[in-house]
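# Give me a model of this one.
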Amino acid sequence: MNVVPDVSRPRQTDTLADSLGEYTTLRLGGPAGTLTVATDTDEAVTAVRNAAAAGRPMLVLAGGSNVVIGDAGFPGEVLLLRTRGIQVVEARAESVVVRVAAGEVWDDFVEYAVSNGWSGIECLSGIPGSAGATPIQNVGAYGQEVAHTIVAVHAYDREHDTIRAMSPLECAFAYRSSVFKHSDRFLVTYVDFRLAVTGDSAPIRYAELARSLGVQAGDRVPLRQARDTVLKLRAGKGMVLDPDDQDTWSVGSFFTNPVVSAERWAELGLADAPHWPGDDGSVKIPAAWLIEHAGFPKGFAGDRVAISTKHTLALTNRGAGSTDGLLALARTIRDGVRSRFGIDLHPEPVLINCEL
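I've put the predicted structure just below:
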């Protein structure tokens, strides 16, 4: 599969475009000032460069799966990234390096990798959004993170007006974070992944997935079996997009799992709660458990928004919701967890022209 050919220039819609909810998985968000569609990397960079030179605010959207846009929308220019392309740029007997255009649909790439016998991202099946968004969030699920396989992120640097290939160290990957998150300095253009050439998955690290597969942690299974099982698990939690299922009209997990020090963990007295010790002595606590035990079960409703009936971490638009209503529900949950446990929950998605 080759990179999409160049086209002459970005295409711009009329001023005051339709609701940006049309381009987000939450289906929420007001209008854009202007809307630009880029199907080629060069035109995307040109659009960003021109906006930066003119001092115009710009929002880049691809899959729209990890963003909450305010009801007032975004008054500046919105760039819809629709670049496509998957290329093998290095091939060895045991591994390949695959360069993926930022606008490529993430799950399409995962399917492509599994079909070609490339291992390392199969447990990230079913995650909505684009390939270029994955390093921004350091997307992870079922024991895998994109940081495990990324060897370079190609990005346009607005500050220096250059395109550069950034190493994993420069990307500063952390839990659901990177140097790209909460910063408009970089436009991700391509991502390079090193994947193993094998018909088997990477070692299964996640207990729930291992149980579903009927294997022990550390075992490997055929790639297709790993992907199909992850898709089934995610669908059962409303985490695979379905236009007919409002439980999937979300940004996935709205809150990150809080990480506390060993001392703080001991003070909390939650030894019976599920938790994951870190190598540095820290402890990660499931946000879903905290939310449920603070009195917010699945289906807990706000104003035309609600916690998913399938997964406590997903806040959903029930078809006629608003961003204000969604954030009001999020505040209620956040404040309830703080009151019950003294722990602050932090949002996982990027908030645009709104705040929690």
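# Report the buried residues of the helix or strand harbouring residue 195.
In this assignment (DSSP states H and E), residue 195 forms part of strand 186-197. When neighbours are counted by 16 or more other Cβ atoms under 10 Å, the buried residues of strand 186-197 are found to be 186, 187, 188, 189, 190, 191, 192, 193, 194, 195, 196. For the C-beta atoms, the positions are set from N, CA and C on the backbone; glycine is no exception.
# Skipping adjacent residues, who's closest to the last one in space?
Read that as residue 196. residue 119 (4.3 Å; Cβ to Cβ, 6 or more residues apart in numbering).
# what's near enough to touch the one you found?
By Cβ atoms under 8 Å, 6 or more residues apart in numbering, the contact list for residue 119 reads 113, 195, 196, 197, 198, 199, 200, 201, 202, 223.
# any idea how far residue 241 is from the fifth one?
Just to be clear, that refers to residue 198. Shown here: residue 198 relative to residue 241, a distance of 29 Å by Cβ to Cβ, to the nearest Å.
# More neighbours: the two, which one.
Each of residue 198 and residue 241 has its neighbours counted (other Cβ atoms under 10 Å); residue 241 has more, 20 against 16.
# separation between the more buried one and residue 111?
14 Å.
# Might you list the low-confidence residue ranges for the protein?
Within the chain, the segments meeting pLDDT under 70 span 1-18.
# For the longest helix seen in it, buried residues please.
Once the chain is assigned using DSSP state H, the helix that runs over the most residues is helix 323-341. The neighbour-count check on helix 323-341 (16+ other Cβ under 10 Å) flags 323, 325, 326, 327, 329, 330, 333, 334, 336, 337, 341 as buried.
# and if you look at stretch 108-125?
109-111, 113-114, 118-125.
# Same question for stretch 142-161.
Counting neighbours by 16+ other Cβ under 10 Å, stretch 142-161 gives 142-156, 158 as buried.
# Same question for stretch 172-181.
Per 16+ other Cβ under 10 Å, stretch 172-181 contains these buried residues: 173, 176, 178, 179, 180, 181.
# got a list of contacts for it?
135-140, 145, 147, 150, 153, 155, 166, 170-171, 186, 188, 256, 259, 348, 350.
# Would you map the helices across the stretch 151-300 of the chain?
168-171, 207-213, 223-236, 262-268, 287-293 (DSSP state H, counting those that start in this stretch).
# Tabulate those in a markdown table, adding columns for distance to residue 57 and mean neighbour count.
As requested, the helices of the stretch 151-300 of the chain are exported to a markdown table (distance: least, Cβ to Cβ, whole Å; neighbours: other Cβ atoms under 10 Å):
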| stretch | distance to residue 57 | mean neighbour count |
| --- | --- | --- |
| helix 168-171 | 24 | 16 |
| helix 207-213 | 41 | 16 |
| helix 223-236 | 34 | 19 |
| helix 262-268 | 39 | 14 |
| helix 287-293 | 31 | 19 |
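# Which one of these lies nearest to residue 104?
helix 223-236 (17.1 Å; Cβ to Cβ).
# Determine the set of other helices and strands touching the closest one.
helix 106-115, helix 207-213 (3 or more Cβ pairs under 8 Å, 6 or more residues apart in numbering; DSSP states H and E).
# what's the angle from it to strand 186-197?
Angle, helix 223-236 to strand 186-197, by axes from the mean of the first three to the mean of the last three Cα atoms, to 10 degrees: 130 degrees.
# between the strand or helix carrying residue 32 and strand 186-197, how big is the angle?
Using DSSP H and E, residue 32 sits in strand 32-38. Interaxial angle, strand 32-38 versus strand 186-197 (the same axes, to 10 degrees): 40 degrees.
# Tell me which helix or strand comes right after strand 32-38.
Strand 32-38 is succeeded, C-terminally, by helix 41-54 (DSSP H and E).
# ok so, going back, which members of the buried residues of strand 186-197 are the farthest-apart pair?
187 and 196 (29.5 Å).
# so how far is residue 37 from the residue nearest to residue 34 when sequence neighbours are not counted?
Nearest residue to residue 34 in three dimensions, chain neighbours excluded: residue 77, at 4.9 Å (Cβ to Cβ, 6+ apart). Here the criterion is Cβ to Cβ. By it, residue 77 lies 12 Å from residue 37.
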